[in-house]
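Asks: Provided below are the primary sequence and the corresponding predicted coordinates.
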Amino acid sequence: MCLLVVCSPNSTPNRDELHAGACNNPHGFGFAIVAGDKIISERGMSARKVIDRFLELRKQYPEGYAMWHARYATHGVKNEQNCHPFQVGGSDLTYLAHNGILDVPIPHGDKRSDTRILAEDTLPRIGGVSALDDDVVWTMVSRWASGSKIAILTLDPSANETMYLVNESLGSWDNEGVWWSNQNHKPKPAISYHTTTTYHYLSDDTVEEVYAPTLDECLYCHSLVDFDENPYYCNYCETCWDCEVTLVDCMCYVPSKLRSVRSLADFY
């Protein structure tokens, strides 16, 4: 699942939002902030400590881009070394964080996460962050990472941009200039189930009560849905009722057939 947050210049998420995201994604935390001519990045397993440190440094350096990440582990051990963001190719000029699951080959016995392997091995192998300035490469990476979101913060002089956000459209910007990879930083609302009682008059002195479900609003896209028909996710926006993310990232719903995903190596 994970939660990836990107802050545009002079924007900062509030503490409650970060805390809620950390509660839903409790397996490690980290951030990267552009601070003048350097990038400050820290990671840790304590949500409180990392959030406090992020907000402290963001207050000092509000004018550049920043990103924050809360991990929900799918690959790799749960430790600080597998917390996002990761240096790309070992450079302290470029950091990468990710939300989703990547089709990255993980060698037997390798305890790294899929994202860590992308940052340390795969992206440097195709030319590093500056390769993303090529429209063909950008399209290939976006399609390969279909369903995932990748944020890269860089001060590499060979790169055209400071922030790269792959599959940006899969997340959303709020009114404060903060981009969220999903909505699991918001308090989970209660789902209400309603029934309506109707009366069928069979005769003058006999009444039959019939209980029928009514349609209710999806809490996320506000479409009318029947919870009895599908108690797992919205048929329209495909948001899971339990984890509040779409089926692409949901770890609750497992489709009967997994679609084929091409390896990034297939493009080269």
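Replies: Cool, the structure landed.
Asks: name whatever forms a beta bridge with the nearest residue to S172 once chain neighbours are set aside.
Replies: The shortest distance from S172 to any non-neighbouring residue, by CB to CB, 6 or more residues apart in numbering, is to W180 (5.9 Å). Yep, even glycine has a C-beta here, placed from its N, CA and C like the rest. Per DSSP bridges, the residues bridged to W180 are V5, S172.
Asks: and W180, how far from V6?
Replies: Going from W180 to V6 by CB to CB, to the nearest Å gives 8 Å.
Asks: which residues of this structure fall in helices?
Replies: Residue ranges of the helices in the chain, as given by DSSP state H, are 15-24, 47-60, 114-117, 123-125, 135-144.
Asks: my read: N160 touches A131, true?
Replies: No: assessed by CB atoms under 8 Å, N160 is found out of contact with A131, at 11.1 Å.
Asks: more neighbours: which of these two?
Replies: Under the neighbour definition other CB atoms under 10 Å, N160 and A131 were set side by side, and A131 has more, 18 against 11.
Asks: and the pLDDT at the closest residue in space to the more buried one that isn't next to it in sequence?
Replies: Nearest residue to A131, sequence neighbours excluded (CB to CB, 6+ apart): V137, at 4.9 Å. Note for V137: predicted pLDDT of 96.
Asks: how near is V137 to A97?
Replies: In terms of CB to CB, V137 sits 19 Å off from A97.
Asks: higher neighbour count, these two?
Replies: Set V137 next to A97 and count neighbours by other CB under 10 Å: A97 wins out with 29 against 16.
Asks: contact partners for that one?
Replies: Contact analysis of A97 by CB atoms under 8 Å, 6 or more residues apart in numbering lists L4, G30, A32, M67, H69, H84, P85, F86, T115, I150, A151.
Asks: hmm, which two among those residues are most spread apart?
Replies: G30 and I150 (14.8 Å; CB to CB).
Asks: which stretches of the stretch 51-200 of the chain have low pLDDT?
Replies: For the stretch 51-200 of the chain, applying pLDDT under 70 flags the ranges 187-200.
Asks: could you pull out the strands in it for me?
Replies: Ranges of strands in the stretch 51-200 of the chain, per DSSP state E, counting those that start in this stretch, are 66-70, 86-88, 91-99, 149-154, 163-166, 172-173, 178-180, 195-203.
Asks: what sits up against the fifth one?
Replies: Taking CB under 8 Å, 6+ apart as the criterion, the residues outside strand 163-166 that touch it are 6, 65, 67, 129, 132, 138, 141-142, 145, 148-154, 179.
Asks: what do you get if the cut-off is 10 Å, keeping everything else the same?
Replies: With contacts defined as CB atoms under 10 Å, 6 or more residues apart in numbering, strand 163-166 is touched by 4, 6-9, 34, 64-67, 94, 96, 98, 129, 132-133, 138, 141-142, 144-145, 148-154, 171, 179, 181.
Asks: in its sheet, which strands sit next to that strand, and in what direction?
Replies: With DSSP bridges as the test, strand 163-166 pairs up with strand 149-154 (antiparallel).
Asks: before we move on, what about the second one?
Replies: According to DSSP bridges, strand 86-88 has the following sheet partners: strand 91-99 (antiparallel).
Asks: give me the distance from the partner strand to the chain's centre.
Replies: 15 Å (CA atoms, centre = their mean, to the nearest Å).
Asks: okay, buried residues for it please.
Replies: Using 16 or more other CB atoms under 10 Å as the test for burial, strand 91-99 gives L93, T94, Y95, L96, A97, H98, N99.
Asks: so who does the fourth one touch?
Replies: For L96, the residues meeting the contact criterion (CB under 10 Å, 6+ apart) are 32, 67, 69, 84-89, 115-116, 118-120, 123, 129, 150-154, 164, 166.
Asks: distance of it from D226?
Replies: 41 Å.
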